[in-house]
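Visitor: pasted the sequence and its predicted model underneath.
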Amino acid sequence: MTSLETPFVTDGDLLIVEAIVTGPRGTVTGRFVLDTGAVLTTVIPELVDSIGYSPRDGFKRARVHTAIGEQEGYALRVAELAVLGFTMPSFPVHVFDLGHEDIHGLLGMNFLGEFNFEIRPAERRIFVEKIAL
Amino acid sequence: MRQMSAAEKIASAISDPLTWAEICERYPDQQVCLVEIDRIHPRGLDFRTARVVGHGKTRYEAFEQGRAWRDRYTELGCRFTGRARLSLVRPSLVLDDEPRDAIRYRR
């Protein structure tokens, strides 16, 4: 099986890739951190608002613990999430404000776990292949 | 002839294709909403040029202006032209009552 190659950029220790999120009112692209320590993929509220979602579209409310205390977030199925060359329809994401001016989401293991991937930090490239079923 | 509203005037502004350096110079320390992003790699973040359809201190401001261009552009992008000062909040999620399966991706 061939793997797809995608370049990434770094911001400090963060590896950042482009994600394309589609909703009822269009598509938006954002900078997502590749986060193997996150169970869920997270998207900031402004991004999902811009493609036509609101908290009313969420299927699950969730409490979120952060360094500054407990806050509310919610889970939502976006029409499509496309990252690293693969598009996942009806993809569940967690909507939460990550508090960073230039990061729009975390690409978590509910996406990455669907693939084999190899990160080559020196080359700033990631190779991804879909797991055969 | 009908006068344009303030919102329409803001919404009607679209830049020429600009490089990232030019965007940063023209809209310093702002959130910008981009269209016609001419990517160097089809899946990469770096681009040759893009056009700015919204800008402001917040993403909401930038997207609000960009929304007026939705009929013409289905894809919008958002970037910050300044140096990020805030650190990333790493959430740890607590699910109230449903099992983790509910948020797993189902093929």
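Guide: Sure, I can see it.

Visitor: CA only for contacts and neighbour counts going forward, please
Guide: Fine.

Visitor: can you classify the residue most central in space within chain B by secondary structure?
Guide: The centre of chain B sits closest to B:Cys78, judged by CA atoms, centre = their mean, with a distance of 1.9 Å. Of the three states, B:Cys78 takes strand according to DSSP: H, G, I helix; E, B strand; the rest coil.

Visitor: contacting residues around the residue lying closest to it once chain neighbours are set aside?
Guide: If the residues on either side of it in the chain are set aside, B:Cys78 comes closest to B:Cys33, at 4.6 Å by CA to CA, 6 or more residues apart in numbering or on different chains. For B:Cys33, the contacting residues are B:Val52, B:Val53, B:Gly54, B:His55, B:Ala62, B:Phe63, B:Gly66, B:Leu76, B:Gly77, B:Cys78, B:Arg79, by CA atoms under 8 Å, 6 or more residues apart in numbering or on different chains.

Visitor: what do you get if the cut-off is 10 Å, keeping everything else the same?
Guide: Applying CA atoms under 10 Å, 6 or more residues apart in numbering or on different chains to B:Cys33 gives the contacts A:28, B:50-56, B:59-67, B:76-80.

Visitor: and the residue nearest the centre of chain A, how far from chain B?
Guide: What sits nearest the mean C-alpha location of chain A, by CA atoms, centre = their mean, is A:Leu107, with 3.4 Å. In this structure, A:Leu107 and chain B are 12 Å apart, going by CA to the nearest CA, to the nearest Å.

Visitor: do you know the pLDDT at that residue?
Guide: If you check A:Leu107, the pLDDT there is 96.

Visitor: wait, it sits on A:Phe32?
Guide: Yes. If you go by CA atoms under 10 Å, A:Leu107 and A:Phe32 touch, sitting 6.0 Å apart.

Visitor: list residues touching both of the two?
Guide: With the criterion set as CA under 10 Å, 6+ apart, the overlap between the contacts of A:Leu107 and A:Phe32 is A:Ile16, A:Val17, A:Glu18, A:Ala19, A:Thr41, A:Thr42, A:Val43, A:Val83.

Visitor: if you skip the residues just before and after it, what's nearest to the third one?
Guide: Right, the one you point to is A:Glu18. Distances taken as CA to CA, 6+ apart place A:Arg31 nearest to A:Glu18, at 5.0 Å, with adjacent residues excluded.

Visitor: flag every buried residue along the strand or helix carrying that neighbour.
Guide: For A:Arg31, the host element (DSSP states H and E) is strand A:26-34. By neighbour count on 16 or more other CA atoms under 10 Å in any protein chain shown, the buried set for strand A:26-34 is A:Gly26, A:Thr27, A:Val28, A:Thr29, A:Gly30, A:Arg31, A:Phe32, A:Val33, A:Leu34.
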